[in-house]
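Enquirer: 3D, please:
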Amino acid sequence: MTVMEELKARGLIAQMTDEEDIQALVDSGNATFYIGFDATADSLHVGHFLQLVVMRHLQKAGNRPIALLGGGTTMVGDPSGRSDMRQMMTQEQIQHNADCFKVQMERFLDFSEGKALMVNNADWLLSLNYVELLRDVGVHFSVNRMLTAECYKNRMEKGLSFLEFNYMIMQSYDFYALFQKYGCRLQCGGDDQWSNILGGTELIRRKLGENAYGMTFTLLLTSDGRKMGKTQAGAVWLDPEKTSPYDFYQYWRNVDDADVLRCLRMLTFLPLEQIDEMDKWEGSQLNQAKEILAHELTEMVHGQAAADEAQETARGLFVGGGNLENMPQTALAESHFQDGHISVVDLLLQCGLAPSKGEARRLIAQGGVSVNGEKVDVAASFTKDQAEEGLMIKKGKKVFHRAVLE
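Expert: Below is the predicted model:
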């Protein structure tokens, strides 16, 4: 099975500009391709994870990935799939975030001996002359055509700023620059990047008279159409300081039955034959498949030791006991207590187990919260003495958290 056949079999490919040409290029191991990562936070998240997995698949087949850090494009902000404008960031913030990305990417890709490149589009975008850019690049873009692009639709409803309108031109210029600097003929990305990628292939054709290609990946969605990688506490990050290895493991351990096999195909490197056998599993066997998924992905991101610890902790807590050192824990401060007590509603908020007091009360009223093994009602509260010994919180059937007074 060629690498392109495997990517298709795993359900990873959404669209391609020139399927036969791309397949020949990639299967020969001669493709230099790139994926852009705007540095909007100081860690990559699950939304980036699938792209890193595809980059590793292609690199293992001999192709050369370019991880493009968006030091320049982040200053504008990609409007794709958004209903509001991104927060403006300073160059110093963006550079710090890009440095954090680099450390995380090195866990997935081999950057030795030119096997992969990491470059920053700030190197060419920030020095562009505006009038020259308009004359040299802007002349090749039709405003009418740009306004029909999927990436602008959500923003058009609330008002698309001229700043954001330029994003497609900047991303297209990236492809043009990488084509000339490194012979990069293929741009990849999530399927929401399709319009931006087409802009780059067209710019290269118009400016250089050369063929360049685009390929997008299936977005990581749940079976009911929601984006994966979001929890009540926010995004699921690859940085262990932002999302602990245990919480990362638990996120994947708790995916819906309808999603586990698709996640195994798309996100792991397990042989397809092994995953196909799991298609026959049902009932309690699906829990075993979820454990395999959670361990595989946690090991890829955090290493085998962290994955083993997370699995041991999760299993122990589920049957009772467990290793408390490895489970998520919140340190409560004196200021969290009033008259020596903390309410169960405030406890859930402080531990990040509910996004608001209203949601906390709803969870409790539905009987979904236990503390130290006992169901609680909304009037429950706990003393400092109890918190010093530790409060073991269970939300639903699968979420465990420990709170202890500093």
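
Enquirer: Which positions in the strand or helix carrying residue 298 come out as buried?
Expert: According to DSSP states H and E, residue 298 maps onto helix 285-302. Across helix 285-302, burial judged by 16 or more other C-beta atoms under 10 Å covers 286, 289-302. Using the backbone N, CA and C atoms, a C-beta is placed for each residue, glycine as well.

Enquirer: Quick one: list the elements packing against that helix.
Expert: helix 245-253, helix 257-267, helix 304-319 (3 or more C-beta pairs under 8 Å, 6 or more residues apart in numbering; DSSP states H and E).

Enquirer: ok, the buried residues of helix 285-302 vs residue 168, which is closest?
Expert: residue 301 (31.5 Å; C-beta to C-beta).

Enquirer: Provide a list of residues in contact with the closest one.
Expert: If you count contacts by C-beta atoms under 8 Å, 6 or more residues apart in numbering, residue 301 has them with 49, 107, 238, 245, 248.

Enquirer: Go again with 10 Å.
Expert: 44, 46, 49, 52, 104, 107-108, 237-240, 243, 245, 248-249, 307 (C-beta atoms under 10 Å, 6 or more residues apart in numbering).

Enquirer: What of residue 2?
Expert: 8, 23, 26-28, 61.

Enquirer: how close does it get to residue 11?
Expert: From residue 2 across to residue 11, the span is 16 Å (C-beta to C-beta, to the nearest Å).

Enquirer: do the same with residue 176
Expert: 31 Å.

Enquirer: Of these two, which one has the most company?
Expert: residue 176 (23 against 12; other C-beta atoms under 10 Å).

Enquirer: Not counting sequence-adjacent ones, nearest residue to that one?
Expert: Nearest in space to residue 176, with sequence neighbours left out and distances taken as C-beta to C-beta, 6 or more residues apart in numbering, is residue 203 at 5.1 Å.

Enquirer: what about that neighbour, which helix or strand?
Expert: Using DSSP H and E, the element containing residue 203 is helix 194-208.

Enquirer: other SSEs contacting that helix?
Expert: strand 13-16, strand 32-37, helix 143-147, helix 150-158, helix 167-182, strand 186-190, strand 213-217 (3 or more C-beta pairs under 10 Å, 6 or more residues apart in numbering; DSSP states H and E).

Enquirer: Of all those, which one comes closest to residue 332?
Expert: The closest of those to residue 332 is strand 32-37. By C-beta to C-beta, the value is 36.3 Å.

Enquirer: thinking again about what came up before, quick one: closest of the helices and strands packed on helix 194-208 to residue 128.
Expert: In terms of C-beta to C-beta, the element of the helices and strands packed on helix 194-208 nearest to residue 128 is helix 167-182, at 7.7 Å.

Enquirer: Low-confidence ranges, the chain, go.
Expert: The model of the chain has pLDDT under 70 over residues 77-88, 144, 150-159, 162-163, 231-233, 317-327, 397-398.

Enquirer: sorry, back to before: buried deepest among the helices and strands packed on helix 285-302, which one?
Expert: Most buried of those, by mean neighbour count (mean count of other C-beta atoms under 10 Å): helix 245-253, with a mean of 24.

Enquirer: just how off-centre is that helix within its chain?
Expert: The chain centroid and the centroid of helix 245-253 are separated by 14 Å, computed with C-alpha atoms, centre = their mean, to the nearest Å.

Enquirer: relative to helix 257-267, how tilted is it?
Expert: Interaxial angle, helix 245-253 versus helix 257-267 (axes from the mean of the first three to the mean of the last three C-alpha atoms, to 10 degrees): 110 degrees.

Enquirer: Helix 245-253 relative to helix 304-319, how many degrees between them?
Expert: Going by the same axes, to 10 degrees, helix 245-253 makes 70 degrees with helix 304-319.

Enquirer: Tell me which residues of stretch 220-230 come out buried.
Expert: Buried residues in stretch 220-230, counted by 16+ other C-beta under 10 Å: 220, 228-229.

Enquirer: Now distance to residue 395 and secondary structure too, for the residues you listed, in a markdown table please.
Expert: Below are these laid out as a markdown table (distance: C-beta to C-beta, whole Å; DSSP: H, G, I helix; E, B strand; the rest coil):
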| residue | distance to residue 395 | secondary structure |
| --- | --- | --- |
| 220 | 24 | coil |
| 228 | 20 | coil |
| 229 | 19 | coil |
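
Enquirer: List the contacts of the residue located most distally from the centre of the chain.
Expert: The centre of the chain is farthest from one residue, residue 339, which by C-alpha atoms, centre = their mean lies 42.2 Å away. Contacts for residue 339 (C-beta under 10 Å, 6+ apart) come out as 381, 383.

Enquirer: Can you tell me which of the buried residues of stretch 220-230 is nearest residue 282?
Expert: The nearest member of these to residue 282, counting by C-beta to C-beta, is residue 228 at 22.4 Å.

Enquirer: what's the spacing between that closest one and residue 235?
Expert: For residue 228, the distance to residue 235 equals 11 Å [C-beta to C-beta].
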